[in-house]
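Visitor: Predicted model and sequence below, questions to follow.
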Amino acid sequence: MWANAYDKRDAATMSCLLAPEYRHTAHDGKVINRAETLARIAAMPKDVAIHHELENVKPSIFGDVAVVYGDARVSEPDGTVLGLTRFTDVFIYRDGRWLAVAEHESRINLRERKSIKNEH
């Protein structure tokens with residue numbers, strides 16, 4: 001749902017997935033909050049198609065907290081890979097639903113990695 005909402009630039013759906021205290025640490029080290037994340041998604045041009053493919057997704061649940069590790073491949077419709085990232089997302093279970101409170105991404109060098117499958 002998360003990647004699909006991002007690909008569609010669906011800020012309304014993303015707002016349902018992000019806790020008020022959400023923080024995103026991007027691959028370049030910038031930290032942005034929930035409002036900045038939603039504004040960034042809403043401002044993305046809708047006519048530029050990109051696709052996020054998640055791989056090696058490994059969730060771990062610890063009571064009302066979940067940590068999700070994985071890799072994301074961002075590509076154009078023709079399959080050209082724009083970027084690879086390794087992510088860690090942290091969710092909390094609050095008011096009957098899971099909400100993201102933190103996300104961290106690290107870029108994977110495209111020249112060194114042709115495939116990110118089964119690496120962790």
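Guide: Structure's in. What do you need? Because the structure is predicted, anything quoted here is derived from the model rather than measured.
Visitor: From here on, just use CA atoms for contacts and neighbour counts.
Guide: OK.
Visitor: Isn't Ile92 up against Trp98?
Guide: Yes. A contact is recorded between Ile92 and Trp98 when judged using Cα atoms under 8 Å, the distance being 5.5 Å.
Visitor: Sketch out the low-pLDDT regions of the chain for me.
Guide: Residue ranges of the chain with pLDDT under 70: 1-2, 110-120.
Visitor: How many neighbouring residues does Pro77 have?
Guide: Summarising burial for Pro77: neighbours were counted as other Cα atoms under 10 Å, giving 11.
Visitor: Identify the single longest strand in this structure, thanks.
Guide: Longest strand in the chain by number of residues (criterion: DSSP state E): strand 81-94.
Visitor: buried stuff in that one?
Guide: By neighbour count, and taking 16 or more other Cα atoms under 10 Å as the criterion, the buried residues in strand 81-94 are 81, 84-92.
Visitor: mind checking how far the nearest residue to Leu84 once chain neighbours are set aside is from Glu105?
Guide: The shortest distance from Leu84 to any non-neighbouring residue, by Cα to Cα, 6 or more residues apart in numbering, is to Arg73 (4.7 Å). Taking Cα to Cα, to the nearest Å as the measure, Arg73 falls 12 Å from Glu105.
Visitor: Quick check: phi and psi on the residue nearest to Leu84?
Guide: Here is the backbone geometry of Arg73 (degrees, to the nearest 10): phi -110, psi 120.
Visitor: ditto for Ala43
Guide: Comment: the main-chain dihedrals of Ala43 come out as phi -80, psi -10, following degrees, to the nearest 10.
Visitor: count of residues packed around it?
Guide: Residue crowding around Ala43 was assessed by other Cα under 10 Å; the count is 11.
Visitor: show me what contacts it?
Guide: When the contact criterion is Cα atoms under 8 Å, 6 or more residues apart in numbering, Ala43 has no partners at all.
Visitor: quick one: it from Arg9, how far?
Guide: Taking Cα to Cα as the measure, Ala43 falls 8 Å from Arg9.
Visitor: on that earlier part again, any idea how many residues pack against the residue nearest to Leu84?
Guide: By other Cα under 10 Å, the residues close to Arg73 number 18.
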